[in-house]
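*Asks:* could you look at this predicted model? Sequence included:
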Amino acid sequence: MDFRDTSEETQYRAAARKWLSEQASRDWNTSHITDEMEAKYAAAKAYQRERVKAGYGAIALPREFGGGGGTPMEQIIFRQEEVQFNLPDIGTTLGVGLAMCLPTIIHNGTPEQRDRFVKPGILGEEVWCQLFSEPTGGSDVASARTSAVQDSSNWVLQGQKVWTSGAQYSDFGIITTRTDPDVPKHKGLTVFVVDMKAPGIEIRPIRQMSGESEFSEVFFDAVRVPDTYRLGEVNGGWKVALSTLMHERAGIGGKSTNLGWADLLKIAEQLSNDQHDVFANPSHACAIVDSWLLEFGCDLIALRGQTALSRGGQPGPEQSVTKLIKASLLQQNGYHGIDLAGAAALGTDRHDIDLWNKVEHAWMFGAGLRIGGGTDEILRNVVAERVLGLPGDVRLDKDVPFRDVPS
Ligand SMILES: Cc1cc2nc3c(=O)[nH]c(=O)nc-3n(C[C@H](O)[C@H](O)[C@H](O)COP(=O)(O)OP(=O)(O)OC[C@H]3O[C@@H](n4cnc5c(N)ncnc54)[C@H](O)[C@@H]3O)c2cc1C
């Protein structure tokens, strides 16, 4: 593949950059850390409306769904440009819908489900969450215990989910449920769309050290979900859940506005003066180069995934590599940002505040990113088994009826 822009792509990039710089000159709430989550969501929704109007809302999706009708390559170019600007945070607000739930519906939903959910989701009018993890374990997605029992044209949900990002701000969620406990765990799952305002749902936000309540516990007590909200076959939920997870990992490993090597470079330049040259300490230069190398490698792997998408396929298990690397890289970048500043890290007024905000975010959120969307260990298993073809992890419960698996 030739990674240089064609002349059309050069024009597209220039137009995107011009539009983005106009947007960035507006007075948006762009904070990465804030306990004013409503303001953060409002800014993300307003910015998403602008993106949709300009054809940048969901560039590679068909216009009939509110997408831009463009190519995956245009999507990549726009994202490469967008991360260079200080704009509202779509990733942690509308990102679950745009990057995971809506693609899952497009790939697995009925035409009626696509018509009902995709357009409002792209417009940012409806916010989505992912209800997979449960108190008994999040890594083993197939071990969901929240049950769904059919009652004529409805299903009745009973159980609990946890760590659900954005649950309290969401209109809809995608949920994994147990519909047949008499077969092995992967064969008895069904996935539904669930209305987060339905009677019987209780959402309890969890307070985090960053001050936010980014995720919640969600309880389901006899919650009725219409069969028309079922995604895929009854007991065919594992395939649907896997497609959500692949989109999630590709999204987390893709281009982001999180603290990166270019930010570290800017911080080093800001902190250098006539008396103190940050680069006199070679470990700082080494850390910035290491960060660049890892990011560049991830970009190349991401391009493979985008090539698959442009050929009508889906992101493959190799996307787990970028999620694995990018999550620990964010943590390392956070450590390095703090190391660079030394004692000055305590006096934020000396720095460009948005840049510093990113260091603080990387420091406090980096560890969480190594858990959310698949822990380091689970991703290593995926890479070992599905990319390298190494022998599988020991799975004693694989062929046992779920009912007989100890909880
Ligand atoms: C910031 C953040 C946002 C999140 N958002 C969501 C969300 O929106 N929706 C959602 O459903 N969940 C969400 N989660 C939950 C996340 O998916 C789970 O925390 C994660 O999958 C791990 O599950 P667990 O915490 O139950 O740990 P466990 O699954 O109990 O794992 C505990 C430890 O054991 C290790 N381990 C488990 N199995 C194996 C194995 N087979 N081999 C080797 N080691 C193993 C794990 O790596 C981990 O270190 C979020 C988590 C975070 C941190």
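*Replies:* That came through, no problem.

*Asks:* check contacts around the residue of the chain found nearest the ligand.
*Replies:* Closest to the ligand within the chain is Gly138: 2.4 Å, counting by C-beta to the nearest ligand atom. The C-beta positions use only the backbone N, C-alpha and C, and glycine is treated the same way. Going by C-beta atoms under 8 Å, 6 or more residues apart in numbering, Gly138 touches Phe132, Val162, Trp163.

*Asks:* recalculate using a threshold of 10 Å.
*Replies:* Residues near Gly138 by C-beta atoms under 10 Å, 6 or more residues apart in numbering: Phe132, Lys161, Val162, Trp163, Ile371, Gly372, Gly374, Thr375, Ile378.

*Asks:* next SSE after whichever strand or helix holds Pro120?
*Replies:* Pro120 belongs to helix 111-122 when assigned by DSSP states H and E. As assigned by DSSP H and E, the chain's next helix or strand after helix 111-122 is strand 128-131.

*Asks:* output the contacting helices and strands for that following strand.
*Replies:* Counting contacts by 3 or more C-beta pairs under 10 Å, 6 or more residues apart in numbering; DSSP states H and E, strand 128-131 packs against helix 102-108, strand 154-165, strand 172-178, strand 189-195, strand 215-226, helix 237-253.

*Asks:* if we can go back for a sec, neighbour-wise, which of the contacts of Gly138 leads?
*Replies:* Lys161 (26 neighbours; other C-beta atoms under 10 Å).

*Asks:* report the buried residues of the helix ranked longest in the chain.
*Replies:* In the chain, taking DSSP state H as the definition, the longest helix is helix 282-310. Buried residues in helix 282-310, defined by neighbour count with 16 or more other C-beta atoms under 10 Å: 284, 287-288, 291, 294-295, 298-299, 301-302, 304-306, 308-309.

*Asks:* now swap in stretch 150-159 and tell me
*Replies:* Asn154, Trp155, Val156, Leu157, Gln158, Gly159.

*Asks:* okay if I get these as TSV plus distance to Leu20?
*Replies:* Output for those, formatted as TSV (distance: C-beta to C-beta, whole Å):
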residue	distance to Leu20
Asn154	45
Trp155	44
Val156	47
Leu157	42
Gln158	46
Gly159	43
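
*Asks:* which residue packs closest to Ala287, ignoring adjacent ones?
*Replies:* Distances taken as C-beta to C-beta, 6 or more residues apart in numbering place His336 nearest to Ala287, at 4.7 Å, with adjacent residues excluded.

*Asks:* could you count how many residues lie near the one you found?
*Replies:* 24.

*Asks:* following element in sequence after the helix or strand hosting it, please.
*Replies:* Per DSSP H and E, His336 falls inside helix 319-341. For helix 319-341, the succeeding helix or strand toward the C-terminus, using DSSP H and E, is helix 353-369.

*Asks:* residues in contact with the helix or strand following that following helix: which ones?
*Replies:* Toward the C-terminus, helix 353-369 is succeeded by helix 376-382 as the next helix or strand (DSSP H and E). The contact list for helix 376-382 (C-beta under 10 Å, 6+ apart) reads 138-141, 245-246, 249, 253, 317-325, 327-328, 370-371, 373-375, 390, 392-393.

*Asks:* buried set for helix 376-382?
*Replies:* Ile378, Leu379, Asn381, Val382.

*Asks:* now stretch 58-66: buried residues?
*Replies:* Buried residues in stretch 58-66, counting neighbours by 16+ other C-beta under 10 Å, are found at Ala58, Ile59, Ala60, Leu61, Phe65, Gly66.

*Asks:* how about residues contacting it?
*Replies:* Here stretch 58-66 has contacts from 12, 16, 48, 51-52, 55, 57, 67-79, 98-99, 102-103, 105-106, 114-115, 117-125, 306, 309-310, using C-beta under 10 Å, 6+ apart.

*Asks:* hmm, back to that, so which of the helices and strands packed on strand 128-131 gets nearest Asn29?
*Replies:* With C-beta to C-beta as the criterion, Asn29 lies closest to strand 154-165 of those, at 18.7 Å.

*Asks:* quick one: strands adjacent to the closest one?
*Replies:* Each strand paired with strand 154-165, and its direction, by DSSP bridges: strand 147-151 (antiparallel), strand 215-226 (antiparallel).

*Asks:* okay, it in CSV with CA atoms only?
*Replies:* This file holds the C-alpha atoms of strand 154-165, laid out as CSV (Å, rounded to 0.1, in the frame of the first residue of the first chain):
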residue,chain,number,x,y,z
ASN,A,154,-41.1,-9.5,24.9
TRP,A,155,-38.0,-10.6,26.8
VAL,A,156,-37.7,-10.1,30.6
LEU,A,157,-34.2,-9.2,31.8
GLN,A,158,-33.0,-9.8,35.4
GLY,A,159,-29.5,-9.3,36.7
GLN,A,160,-26.7,-6.7,37.1
LYS,A,161,-24.0,-5.1,34.9
VAL,A,162,-21.0,-3.0,36.1
TRP,A,163,-18.4,-0.5,34.8
THR,A,164,-20.9,0.7,32.2
SER,A,165,-19.3,3.8,30.8
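
*Asks:* quick check, the helix holding His336 touching the ligand?
*Replies:* No. Using C-beta under 6 Å from any ligand atom, helix 319-341 stays clear of the ligand, with a minimum separation of 9.9 Å.

*Asks:* I'd guessed Thr92 sits against Glu212; true?
*Replies:* Yes. In this structure, Thr92 is within contact of Glu212 by C-beta atoms under 10 Å, at 9.1 Å.

*Asks:* can you list the residues of the stretch 251-400 of the chain near the ligand?
*Replies:* Residues of the stretch 251-400 of the chain lying near the ligand by C-beta under 6 Å from any ligand atom: Gly368, Ile371, Gly372, Thr375, Glu377, Ile378, Asn381, Asp393.

*Asks:* from Gly374, how far out is the last one?
*Replies:* So that's Asp393. Distance of Asp393 to Gly374, given as C-beta to C-beta, to the nearest Å: 14 Å.

*Asks:* where does the stretch 101-250 of the chain dip in pLDDT?
*Replies:* Along the stretch 101-250 of the chain, the model assigns pLDDT under 70 to residues 210-211, 249-250.

*Asks:* give the contact list for Gln158.
*Replies:* 145-149, 177-178, 200, 219-223.

*Asks:* would you reformat those as CSV and include neighbour count?
*Replies:* Output for these, formatted as CSV (neighbours: other C-beta atoms under 10 Å):
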residue, neighbour count
Arg145, 19
Thr146, 20
Ser147, 16
Ala148, 29
Val149, 13
Thr177, 25
Arg178, 23
Gly200, 13
Phe219, 17
Phe220, 23
Asp221, 13
Ala222, 11
Val223, 25
